[in-house]
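Participant: below is the sequence, then the predicted model.
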Amino acid sequence: MSGHASIPSAASGLRLEPGERLMRPFQRFVSLSSAGGLMLLGFAVLALIWANSPWGSGYHGVFHETDLEIGLGGWTLSHHLVHWINDALMAVFFLIVGLEIKREMLVGELADPRKAALPIVAAIGGMVVPAVIYVAINFGQPTLRGWGVPMATDIAFALGVLALLGSRAPLSLKVFLTSLAIVDDLGALVVIALFYTENISMMFLQFGAATLGVLVLFNMFKVRSPIPYLVVGVVLWYCLLESGIHATIAGVLLAMTIPATGRVDSQRFATATGHALDVFDDEQMGRCVRTSSTQRAAVQAIATNCAQVMPPLHRIEHALHGWVAFLILPIFALANAGVHVGHGAGEMITGSVSLGVIFGLLVGKPLGIVGACWIATKVGIAALPSGVNWRQMIGVGMLGGIGFTMALFIATLAFPDAASLEAAKMGILSGSMLSAVAGAAVLLTCKPAAAACAASGDHEQEAAVVMSKAA
């Protein structure tokens, strides 16, 4: 997403090895900003095909009836496979969400109150209006419990659609949508913790609080290695799982304790690394790293310097991002998006649950996002992003209705009965698809950013275009 200048690599200009040539198409796909969304979409479609194929019973057998048990001595923990995916794997996803929230609040768009005002207001509007629409459709019914389902925006899908639109979606629009989705995720986490938590065990809750205290002490005493945090984080996850609070909240709490500063500052890093490079260069000409112990020591010192200057927050986020985008979220989609579309599909999609979710996502999201932004700009607490017009904001508001991952997650918490859960999934898939198409259609009517620059002579917009292409 960021528009950093290209930094030369030691391998630039080298001839690719045979294995590297074979991997190049895959690496090019992974580097696309839309790749995570495309993977998520592909596995959701695969889940639908599998659940409605002649092997549909096998789909439910694998994910909803297969038990997976782990144990140590006399202690065991057993759950269905889908619960392991939703409770354990998704805790890693929520760890990434928490790290993104913390980073944005410290050094990103949410660090500047003036810049943060618009996405925060937009996210609040985009959560409240869909919930109100759902409540209006389901008022007085047991299905009212699902009011939180249409509240969240799926950042991977939404940014994937924006990336496919190219210059019709300027960088500032992508930054706004990213910030909005991060605040949106934070709101969804609060909703999960407050409204979808039952049967609290105070003993395990106290154990969890003590474990969290240990993590805070790690941070206070400037423990920089990620390993102690991750080990204690697993204990925190188990305590919350047994306490009744949804275990995935452990990922966010863990993220809040991860240090956001490196062990050494930039000046010390530059000095030490420069010295190591001088040592490397001073070695006898013609000798290679394989045969020169001094050069190997210099290279190792540079690697150590790089690890110490990078904050643990960024190191963990960088290490886990690919696993989350290309493994955990696709597995989650495969396990949860398999809706059986039988003869009762028409009644299901016209039921109050599906209609509440569809109208919440398709109508409530853009109405809440754009309406809140309009009010914020009129009262003067925020301004539109640079180079962005109201038509583009409407398009992004519609893309905010893509609520796939978090919506499915909340639906599994809100509806213990299979019928309501299937109806909610149908509404999520339908509402998200319609929102994606509607948002893309609106943004396709906008002028490409380059044309807008030529027409207006806005140099700031032109810079944004260049950064967007670099990204």
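Facilitator: Looks like it came in fine.
Participant: ok so residue 388 is a helix residue?
Facilitator: No: Residue 388 sits outside any helix when classified using DSSP: H, G, I helix; E, B strand; the rest coil, being coil.
Participant: wouldn't it be in contact with residue 173 here?
Facilitator: Yes: in this structure, residue 388 sits in contact with residue 173. The criterion is C-beta atoms under 8 Å, and the distance is 5.2 Å. Bear in mind the C-beta positions are built from the backbone N, C-alpha and C, glycine included.
Participant: counting neighbours, go ahead and name the busier of the two.
Facilitator: A side-by-side neighbour count of residue 388 and residue 173, using other C-beta atoms under 10 Å, places residue 173 first with 28 against 23.
Participant: list the contacts of the more buried one.
Facilitator: By C-beta atoms under 8 Å, 6 or more residues apart in numbering, the contact list for residue 173 reads 162, 385, 388, 392, 396.
Participant: most neighbours among these, which one?
Facilitator: Sorting the contacts of residue 173 by how many neighbours each has (other C-beta under 10 Å) puts residue 396 first, at 29 neighbours.
Participant: sec struct for residue 69, please.
Facilitator: With three-state DSSP as the basis, the three-state label of residue 69 is strand.
Participant: for residue 81, see how far away it is.
Facilitator: With distances defined as C-beta to C-beta, to the nearest Å, the gap from residue 69 to residue 81 amounts to 11 Å.
Participant: just residue 162 next, same as before
Facilitator: 33 Å.
Participant: chain center to stretch 431-443: distance?
Facilitator: Relative to the centre of its chain, stretch 431-443 is centred 20 Å away, using C-alpha atoms, centre = their mean, to the nearest Å.
Participant: should've said stretch 154-164
Facilitator: If you compare the mean C-alpha spot of stretch 154-164 with that of the full chain, they lie 11 Å apart, counting by C-alpha atoms, centre = their mean.
Participant: export it to CSV, keeping only CA atoms.
Facilitator: Once non-C-alpha atoms are left out, stretch 154-164 reads as follows in CSV (Å, rounded to 0.1, in the frame of the first residue of the first chain):
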residue,chain,number,x,y,z
ASP,A,154,-13.7,-6.9,5.0
ILE,A,155,-10.5,-5.0,4.3
ALA,A,156,-9.0,-7.7,2.1
PHE,A,157,-11.9,-7.9,-0.3
ALA,A,158,-12.6,-4.1,-0.3
LEU,A,159,-8.9,-3.2,-1.0
GLY,A,160,-8.8,-6.0,-3.6
VAL,A,161,-11.6,-4.4,-5.5
LEU,A,162,-10.0,-1.0,-5.2
ALA,A,163,-6.7,-2.4,-6.5
LEU,A,164,-8.4,-3.8,-9.6
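Participant: neighbouring contacts of that stretch?
Facilitator: Applying C-beta under 8 Å, 6+ apart, the set of residues contacting stretch 154-164 from outside is 1, 32-38, 40-41, 169, 173-174, 177-178, 181-182, 185, 325, 329, 396, 399-400, 402-407, 432, 436, 439-440, 443.
Participant: any stretches of the stretch 201-350 of the chain with poor pLDDT?
Facilitator: Along the stretch 201-350 of the chain, the model assigns pLDDT under 70 to residues 283-292, 342-348.
Participant: change it to 80
Facilitator: Low-confidence segments of the stretch 201-350 of the chain, defined by pLDDT under 80, span residues 244-246, 262-266, 276-296, 298-299, 302, 304-307, 339-350.
Participant: what segments of it are helices?
Facilitator: 202-220, 226-243, 249-257, 266-282, 293-309, 312-323, 329-336, 345-349 (DSSP state H, counting those that start in this stretch).
Participant: A helix includes residue 401, no?
Facilitator: No: secondary structure of residue 401 (three-state DSSP): coil, not part of a helix.
Participant: circling back to that earlier point, quick one: which two of the contacts of residue 173 are the most distant?
Facilitator: When C-beta to C-beta is used, the two most widely separated members of those are 162 and 385, lying 12.9 Å apart.
Participant: mind checking how far residue 267 is from residue 298?
Facilitator: In this structure, residue 267 and residue 298 are separated by 20 Å, where distance is defined by C-beta to C-beta.
Participant: the more surrounded of those two?
Facilitator: In this view residue 267 and residue 298 are compared by other C-beta under 10 Å, and residue 298 has more residues nearby, 22 against 8.
Participant: name all residues that make contact with the more buried one.
Facilitator: Residue 298 makes contacts with 276-277, 279-280, as judged by C-beta under 8 Å, 6+ apart.
Participant: before we move on, what about residue 223?
Facilitator: Contact analysis of residue 223 by C-beta under 8 Å, 6+ apart lists 229, 259.
Participant: what ranges does this protein have for its strands?
Facilitator: Chain-ordered strands for the chain, with DSSP state E as the definition, fall at 67-72, 75-80.
Participant: now for the first one, which elements pack on it?
Facilitator: Pointing back at strand 67-72 there. strand 75-80, helix 81-84 (3 or more C-beta pairs under 8 Å, 6 or more residues apart in numbering; DSSP states H and E).
Participant: mean pLDDT lowest where, among these?
Facilitator: Taking each of the helices and strands packed on strand 67-72 in turn, the lowest mean pLDDT turns up on strand 75-80, with a mean of 84.
Participant: and the contacts of that one?
Facilitator: Residues external to strand 75-80 that are found in contact with it (C-beta under 8 Å, 6+ apart): 63-71, 87, 238.
Participant: still on that earlier bit, which of the contacts of stretch 154-164 are buried?
Facilitator: Among those, the ones that count as buried by 16 or more other C-beta atoms under 10 Å are 34-38, 40-41, 169, 173-174, 177-178, 181-182, 185, 325, 329, 396, 399-400, 402-407, 432, 436, 439-440, 443.
Participant: among those, which are located in helices?
Facilitator: If you go by DSSP state H, those have 35-38, 40-41, 173-174, 177-178, 181-182, 185, 329, 396, 399, 404-407, 432, 436, 439-440, 443 in helices.
Participant: I'm done for today, thanks for sticking with me.
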